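Student: sequence and computational prediction follow.
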Amino acid sequence: MAILEVKDIRKSFDNTEVLKGIDFTLEEGQVLTIIGSSGSGKTTLLRCLNSLEFADKGQIIVDGNVIFDGENTKRLSESELRNNRLHFGLVFQSFNLFPQYSVLENITLAPKLLNKGTKEEIEKEALELLESVGLSEKKDNYPCELSGGQQQRVAIARALAMKPRILCFDEPTSALDPELTGEVLKVIRSLADKRMTMIIVTHEMTFAHDVSDKLIFMDNGVIAEEGGPDILENPSSDRLKAFLTSF
Amino acid sequence: MDTFFEQFPIVFQALNVGFLQTLKLFAVTLLGALPLGLIISFGSMSKFKPLSAVVRVFVWIIRGTPLMLQLLIIYFFPGLVFNNPIWGGGEDGRFIASAVAFILNYACYFSEIYRGGIQGVPIGQQEAGQVLGLSKSQIFFKITLLQMIKRIVPPMSNEIITLVKDTSLARIIALQEVIWAGQAFMKGSQGISGAIWPLFFTGVYYLIFSGILSLLFSYVEKKLSYFKA
């Protein structure tokens, strides 16, 4: 059974249809990369998965459970919504670390508030996560004292601390200098090696080629082409060909 | 009693009593207006349009008219219009009426400062909390609030120092605050009349108190400078 099934997701803002029927499935342990030009709906799709936006139509099914159904007009209660969100983690383009908390506190805040274990367990796990993103020595620093790449690595550790089934990345390196991009991609690659299920929106084509099991090219609210990493070498649609020549 | 040295102890004693009333009004206003302002700011930001409209009109009226006028209306209106002087005629009644006027007035000013502070916190902070599964109140109290406080300390300190001096407006309904006490010696009180220096001397109380507050606020600002928001 697929870990994630997305069926006919449609979403409009005012009169602009941003997603015009998106369908795909994702198997556990796979990495899905979504590419496409700005405004093609990639970010909106991630936001729908994370319940930051709500699609007008379609279904989102995680582990066989329908967590979103556009036909069901009953508004979800806050606790249902929070449970739905916990299936997914999201790493933002602009990191969004909490500035008033130290690196370690950023990671432990949500697990502590949601009683995910004892204080000692949570802190031990957070330290392990920090170690895995290579930032153990920064645990007591504040976000403003870190570089962009370091902040993004903390943000990844923070998302992992809630043990999401699927971790989403919204252009995780777009706000970074080229020399800081590599350190973040390395962390994402190491997660792929550990078979973390991930959905990555990115403009880093080489990275997308290397890390993905599956690629989706979005254009103007639809999936214009999908397949394995080889679609980047041999695109079949004209739109993808044109998109790739711009790199 | 002619000499300054004879007058001083009497005046000092009277001004202390007056300033105590000033301080009381200041403290009660803060105690009421700080939380009420937050509630009003939530009202004005409500997605329920009728509520936000009503709240915004209320804020407009309160901020758009003089506090002195509000004091007079709140104090005299119940007695003159409904023949029901709910505040009573004594000093306690005048104090309660003053406190009500000051709390309403300052809550409206504070609400706008809060609104600016809350809306100034990037939406990404709230979203980061949401995707981690936190509830709305956890997001507000654990993520947004401190960032908001950091943003509002400078405008709040301005407003609160203004409040110290605004308390003197309550003199218009004869609340016996420090300026009322100082003025009394011009008209003859405890055998002293025609003395202007007690009025000048009230300024010293304001200067010292607002000086202390300024120090306090710069301390808070410094305490919160460990992070950038």
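Tutor: Thanks, I have it.
Student: C-alpha from now on. contacts and neighbour counts both.
Tutor: Fine.
Student: give the buried residues for the helix ranked longest in chain A.
Tutor: Scanning chain A for the helix with the most residues, using DSSP state H, yields helix A:178-193. Neighbour-count burial for helix A:178-193, counted by 16 or more other C-alpha atoms under 10 Å in any protein chain shown, picks out A:180-181, A:183-185, A:187-189, A:191-192.
Student: got these as JSON lines, with distance to chain B and pLDDT columns?
Tutor: Compiled in JSON lines, the buried residues of helix A:178-193 are given as follows (distance: C-alpha to the nearest C-alpha, whole Å; pLDDT from 0 to 100):
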{"residue": "A:180", "distance to chain B": "21", "pLDDT": "90"}
{"residue": "A:181", "distance to chain B": "21", "pLDDT": "93"}
{"residue": "A:183", "distance to chain B": "22", "pLDDT": "94"}
{"residue": "A:184", "distance to chain B": "19", "pLDDT": "95"}
{"residue": "A:185", "distance to chain B": "21", "pLDDT": "95"}
{"residue": "A:187", "distance to chain B": "20", "pLDDT": "95"}
{"residue": "A:188", "distance to chain B": "19", "pLDDT": "96"}
{"residue": "A:189", "distance to chain B": "22", "pLDDT": "95"}
{"residue": "A:191", "distance to chain B": "19", "pLDDT": "96"}
{"residue": "A:192", "distance to chain B": "21", "pLDDT": "95"}
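Student: can I get the residues you listed in a markdown table including distance to residue B:27?
Tutor: Shown next, in a markdown table, are these (distance: C-alpha to C-alpha, whole Å):
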| residue | distance to residue B:27 |
| --- | --- |
| A:180 | 52 |
| A:181 | 53 |
| A:183 | 53 |
| A:184 | 52 |
| A:185 | 55 |
| A:187 | 53 |
| A:188 | 54 |
| A:189 | 58 |
| A:191 | 56 |
| A:192 | 59 |
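Student: buried stuff in whichever strand or helix holds residue B:69?
Tutor: Element membership of residue B:69, judged by DSSP states H and E, is helix B:67-81. Within helix B:67-81, the residues scored as buried using 16+ other C-alpha under 10 Å are B:67-68, B:70-72, B:74-76.
Student: show me where chain B has strands.
Tutor: With DSSP state E as the definition, chain B shows no strands.
Student: and the residue most central in space within chain A, what does it touch?
Tutor: Among the residues of chain A, the smallest C-alpha distance to the mean C-alpha position (C-alpha atoms, centre = their mean) belongs to residue A:168, namely 1.2 Å. Contact analysis of residue A:168 by C-alpha atoms under 8 Å, 6 or more residues apart in numbering or on different chains lists A:46, A:88-91, A:198-201.
Student: do the same with residue A:135
Tutor: Counting by C-alpha under 8 Å, 6+ apart, residue A:135 touches A:150, A:153-154.
Student: which one of those residues has the most neighbours?
Tutor: Neighbours here mean other C-alpha atoms under 10 Å in any protein chain shown. Within the contacts of residue A:135, the largest count is held by residue A:154, at 29 neighbours.
Student: how near is the closest residue to residue B:87 other than its chain neighbours to residue B:174?
Tutor: Of all residues not flanking residue B:87 in the chain, residue B:93 sits nearest, at 4.4 Å (C-alpha to C-alpha, 6 or more residues apart in numbering or on different chains). To residue B:174, residue B:93 is 11 Å away according to C-alpha to C-alpha, to the nearest Å.
Student: ok, now residue A:50?
Tutor: Taken as C-alpha to C-alpha, the spacing of residue A:50 relative to residue B:174 amounts to 60 Å.
Student: tell me the contacts of residue B:116?
Tutor: Taking C-alpha under 8 Å, 6+ apart as the test, residue B:116 contacts no residue whatsoever.
Student: for it, give me the pLDDT.
Tutor: Per-residue pLDDT puts residue B:116 at 94.
Student: quick one, helices of chain B?
Tutor: Under DSSP H, chain B gives helices at B:4-45, B:49-64, B:67-81, B:91-120, B:123-131, B:136-138, B:145-166, B:178-187, B:197-223.
Student: buried sites along the fifth one?
Tutor: By that I understand helix B:123-131. Going by neighbour count (16+ other C-alpha under 10 Å), the buried part of helix B:123-131 is B:124-131.
Student: now those residues as TSV including distance to residue B:164 and pLDDT?
Tutor: What follows is the buried residues of helix B:123-131, written out as TSV (distance: C-alpha to C-alpha, whole Å; pLDDT from 0 to 100):
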residue	distance to residue B:164	pLDDT
B:124	37	96
B:125	35	97
B:126	35	96
B:127	39	97
B:128	40	97
B:129	38	97
B:130	40	96
B:131	44	96
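Student: please identify the buried residues of stretch A:221-237?
Tutor: Of the residues in stretch A:221-237, A:221-226, A:229, A:231-232, A:235 count as buried by neighbour count, 16+ other C-alpha under 10 Å.
Student: hmm, I typed the wrong one, I wanted stretch B:42-59.
Tutor: With burial defined by 16+ other C-alpha under 10 Å, the residues of stretch B:42-59 counted as buried are B:42-45, B:52, B:55-56, B:58-59.
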